[in-house]
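J.: here are the coordinates; sequence isn't available:
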């Protein structure tokens, strides 16, 4: 089943309009597209599916499109080395460069297994409408968990962790990126808010143990804590895969409201983000200025 949703995010109702605050902004609203696709043991087929989904969102006039974690590869330690590519010279990067420049969009390449010398990373790349690579984010927190009768996984057995936080600008909106397990660490989201981000993007692949428990809860928590839009961009459920993604890609507004979400299957989502809502929430519930930085502080090292 394929799901296609387009919805407009509404403003927090009890405030006066502050559109004049955005007179110098390129886009006081920004159309965000999210792809939820499955990944088979066939890179060319995975890129074909990604192309189809991007084309679908381009027809909806999205300004920025985000792909899921490991969109070109099955997710699993047995696959990372086989599918790994150098950035920006690999097959997948050439595909992302083409799709961003041809369609004149910002394109966030979810994540792919990256090979850099002897090391492998789980890496997201961001491409501007000219087809230029403007940044990459290497997953900072590796997915090492052991839940008896649930799931056991150890990314660190083959991947190396990144050690930098990543922001980029699109149409004067500022974005921060985390990959999957990065979502669990509020400190990272706080640093992005400190850096002025309006939107946090989390390509991910929560599973059928942690997904029902925590996926939406964490997305809403990051949004409320930091008064930002948050997009959780999951892979779709693939019945024959060794790792089963939970799906349920979601876009959450700065009030913590789930504006739209998918189910398990392949889908595209499209939402108009509203900068006035970000401003109103921050003005009306001004927790950022009320933090006791004389007592505690979150700092980048």
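T.: In hand now; what should we look at? The shown structure was predicted, so the numbers you read here are calculated from the model rather than taken from an experiment.
J.: thinking residue 214 is in contact with residue 206, fair?
T.: Yes. Look at residue 214 against residue 206 with C-beta atoms under 8 Å: they come within range, at 7.1 Å. Every C-beta, even on glycine, is put in place using the N, C-alpha and C of the backbone.
J.: Would you mind measuring from residue 143 to residue 85?
T.: In this view, residue 143 and residue 85 are 20 Å apart by C-beta to C-beta, to the nearest Å.
J.: thinking again about what came up before, between residue 214 and residue 206, who's got more neighbours?
T.: residue 206 (27 against 15; other C-beta atoms under 10 Å).
J.: what residues are up against the more buried one?
T.: Taking C-beta atoms under 8 Å, 6 or more residues apart in numbering, we find residue 206 in contact with 180, 214, 215, 234, 245, 246.
J.: nearest to residue 103, of the residues you listed?
T.: Nearest to residue 103 among those: residue 234, at 22.6 Å, using C-beta to C-beta.
J.: Distance check, the residue lying closest to the closest one once chain neighbours are set aside against residue 270.
T.: Spatial nearest neighbour of residue 234, chain neighbours left out: residue 249 (4.7 Å); criterion: C-beta to C-beta, 6 or more residues apart in numbering. Distance, residue 249 to residue 270, using C-beta to C-beta: 11 Å.
J.: Spit out the residues that contact those two alike.
T.: residue 34.
J.: those helices in the stretch 201-301 of the chain, which residues are they?
T.: Shown for the stretch 201-301 of the chain, the helices assigned by DSSP state H, counting those that start in this stretch span residues 210, 216-226, 275-284, 287-290.
J.: Which one of those helices lies nearest to residue 51?
T.: With respect to residue 51, and counting by C-beta to C-beta, the nearest of these is helix 216-226 at 26.8 Å.
J.: And that closest one, what's buried?
T.: Of all the residues in helix 216-226, those buried under the rule 16 or more other C-beta atoms under 10 Å are 216, 218, 219, 220, 221, 222, 223, 224, 226.
J.: List just the nearest of those to residue 91.
T.: Of all those, residue 91 sits closest to residue 219, with 31.0 Å by C-beta to C-beta.
J.: Correct me if wrong: the closest one contacts residue 253.
T.: No. Look at residue 219 against residue 253 with C-beta under 8 Å: they stay out of range, at 10.8 Å.
J.: quick revisit: columns distance to residue 39 and mean pLDDT on top of the helices of the stretch 201-301 of the chain, output as JSON lines?
T.: As requested, these are exported to JSON lines (distance: least, C-beta to C-beta, whole Å; pLDDT from 0 to 100):
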{"stretch": "helix 210", "distance to residue 39": "19", "mean pLDDT": "93"}
{"stretch": "helix 216-226", "distance to residue 39": "21", "mean pLDDT": "98"}
{"stretch": "helix 275-284", "distance to residue 39": "33", "mean pLDDT": "98"}
{"stretch": "helix 287-290", "distance to residue 39": "38", "mean pLDDT": "95"}
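J.: and of those helices, who's closest to residue 265?
T.: So among the helices of the stretch 201-301 of the chain, helix 216-226 is nearest, using C-beta to C-beta, at 17.1 Å.
J.: separation between residue 31 and residue 158?
T.: 37 Å.
J.: just residue 30 next, same as before
T.: 36 Å.
J.: Settle it for me: which of those two has more neighbours?
T.: Between residue 30 and residue 158, residue 30 has the larger neighbour count (other C-beta under 10 Å), namely 24 against 18.
J.: need the contact list for the nearest residue to the more buried one once chain neighbours are set aside.
T.: Spatial nearest neighbour of residue 30, excluding adjacent residues (C-beta to C-beta, 6+ apart): residue 273 at 4.7 Å. Taking C-beta under 8 Å, 6+ apart as the contact definition, residue 273 lies against 9, 29, 30, 31, 32, 173, 198, 199, 229.
J.: All set now, cheers.
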